[in-house]
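Peer 1: Dropping the sequence and predicted coords here.
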Amino acid sequence: LAKTTQPISMDSYEGQEVNITCSHNNIATNDYITWYQQFPSQGPRFIIQGYKTKVTNEVASLFIPADRKSSTLSLPRVSLSDTAVYYCLVGDLNTGGFKTIFGAGTRLFVKA
Amino acid sequence: GAVVSQHPSRVICKSGTSVKIECRSLDFQATTMFWYRQFPKKSLMLMATSNEGSKATYEQGVEKDKFLINHASLTLSTLTVTSAHPEDSSFYICSVTRGLIVQGNEQFFGPGTRLTVL
């Protein structure tokens, strides 16, 4: 079962800021939060990762509140090429190893 | 990020044949590789965790005798779909990681392999 909940889809316009929120109520102490982007017929691409507070890189920002039960991916000034599916993942310890489970993801559609 | 390759990128085969898909980590030695399957318009579904030098760990509902995984070296894992049938047609994606996810090391995904079984 996926441990994360995201909106199924979002629409935006070019140049706007897009915020995608992910709920992960059962996040464990050692879990990191990672966001990926996937275009059709391609493997997911790493966007950003964080543990708490705020993380920023050249493409996005990640906001994580103190309770870590949710996180928000912020994409500044989106373009048409940002149309993709965005996945929020949390690390998942499991007996014999570890794994990450993909949720349904959020389909972002950027319009001109 | 790390470079992960998959071969072939797409394959079409007849029902009943076996297909082998290779996943290579080109930048570092990957102790762990993951295999996912993705159907159209659906999310990635984890099939198995491939550990170098040991047996793969399969997710519930994934037949280990049908999806054979071999992680013979730190840079290569193979997924063999045995006796493939049309319902096995899907997009297969591998990923590699340097170590524990909890250490903040992200997974690096391959470009995927499109399998079509006629």
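Peer 2: Good, I have the coordinates. Numbering: from 1, shown residues only, chains lettered A, B, ... in the order given.
Peer 1: residues near residue A:86, how many?
Peer 2: Residue A:86 has 24 neighbouring residues, counting by other Cβ atoms under 10 Å in any protein chain shown. C-betas here are computed from N, CA, C, even on glycine.
Peer 1: Show me where chain B dips below the pLDDT cut-off.
Peer 2: Low-confidence segments of chain B (pLDDT under 70): B:1-2, B:99-106.
Peer 1: Phi first, then psi, for the residue nearest the centre of it.
Peer 2: Note on chain B: the residue nearest the mean C-alpha position is residue B:35, at 3.2 Å, using Cα atoms, centre = their mean. Main-chain torsions, residue B:35, degrees, to the nearest 10: phi -120, psi 130.
Peer 1: which residues pair with it across the strands?
Peer 2: Note on residue B:35: beta-bridge partners residue B:48, residue B:94, judged by DSSP bridges.
Peer 1: residues contacting it?
Peer 2: By Cβ atoms under 8 Å, 6 or more residues apart in numbering or on different chains, residue B:35 lies in contact with B:23, B:46-50, B:67, B:69, B:77, B:79, B:92-94.
Peer 1: what's the answer for residue B:84, then?
Peer 2: With contact set as Cβ under 8 Å, 6+ apart, residue B:84 has these partners: B:13, B:15, B:16, B:17, B:18, B:19, B:115, B:117.
Peer 1: can we see that at 6 Å?
Peer 2: Contacts for residue B:84 (Cβ atoms under 6 Å, 6 or more residues apart in numbering or on different chains) come out as B:13, B:17, B:19, B:117.
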